[in-house]
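Asks: using only what follows, build the 3D model:
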Amino acid sequence: MRRLPALIVAIAALMIALVTVVTLLVRIPIPATQGYFNFSDVVIYFVSFTFGPWIGFIAGGLGTAIADLVSGFAVFAPISFLAHGLQGLLAGLLGRGRGWQGLLLGWLAGTLAMVGIYFLAELFLYGIGAAAAEVPANLLQNLGGGLIGIPLFYAVRRAYPPITQLGQGRTWREE
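Replies: Below you'll find the predicted structure:
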């Protein structure tokens, strides 16, 4: 039976909490869908590039879903879990350990996944007008996520190089 080491569980839990707090910290309403613009993407990209795709998936998905649940947007919790979870997974898979080109590719794939999933969900829930109206805000949110998250990743890695080793090697294998 495989066990996740306590360090990985602790990192994932802290990153889930960080995504939740940052998502709730600044919320700018989007009237067309009653959704909101936030800074979750900054943390999701940072986490995915720093700790890899699985912690990016868990932190992005659960962190934003929890934020939706506690802020009265329960209908969006499963959508946010899928949209931001996939965003973190793709960003981590394509970006981690591949230089700045990989980070940009991971950011682009994460952006397309997040924006596309929200568009389809809002199309179903509210119709084409509202779904299309939220696309620019979601793109802007992701642009900010990349413009802040990528330099943040480099700054933290430069200040504390061992951080990129967390989540690698034996930590995902059986002990």
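
Asks: check the gap between the residue nearest the centre of the chain and Phe81 for me.
Replies: Nearest to the mean C-alpha position of the chain, counting by CA atoms, centre = their mean, stands Ile44 at 3.0 Å. The gap separating Ile44 from Phe81 is 12 Å, by CB to CB, to the nearest Å. All C-beta atoms are positioned from the backbone trio N, CA, C, and that covers glycine.

Asks: so what sits against both of those two?
Replies: Counting by CB atoms under 8 Å, 6 or more residues apart in numbering, the shared contacts of Ile44 and Phe81 are Thr64.

Asks: my guess is the residue nearest to the centre of the chain meets Leu90, correct?
Replies: No: Ile44 is beyond contact range of Leu90, at 10.5 Å (criterion: CB atoms under 8 Å).

Asks: what sits in contact with each of these two?
Replies: Common contacts of Ile44 and Leu90 (CB under 8 Å, 6+ apart): Gly110.

Asks: hmm, back to that, so for the helix or strand hosting the residue nearest to the centre of the chain, what gets flagged as buried?
Replies: Taking DSSP states H and E as the criterion, Ile44 maps to helix 40-51. Buried residues in helix 40-51, counted by 16 or more other CB atoms under 10 Å: Ser40, Asp41, Val42, Val43, Ile44, Tyr45, Phe46, Val47, Ser48, Phe49, Thr50, Phe51.

Asks: who does it touch, helix- and strand-wise?
Replies: Under the contact definition 3 or more CB pairs under 8 Å, 6 or more residues apart in numbering; DSSP states H and E, helix 40-51 sits against helix 6-25, helix 53-70, helix 77-95, helix 99-126, helix 128-159.
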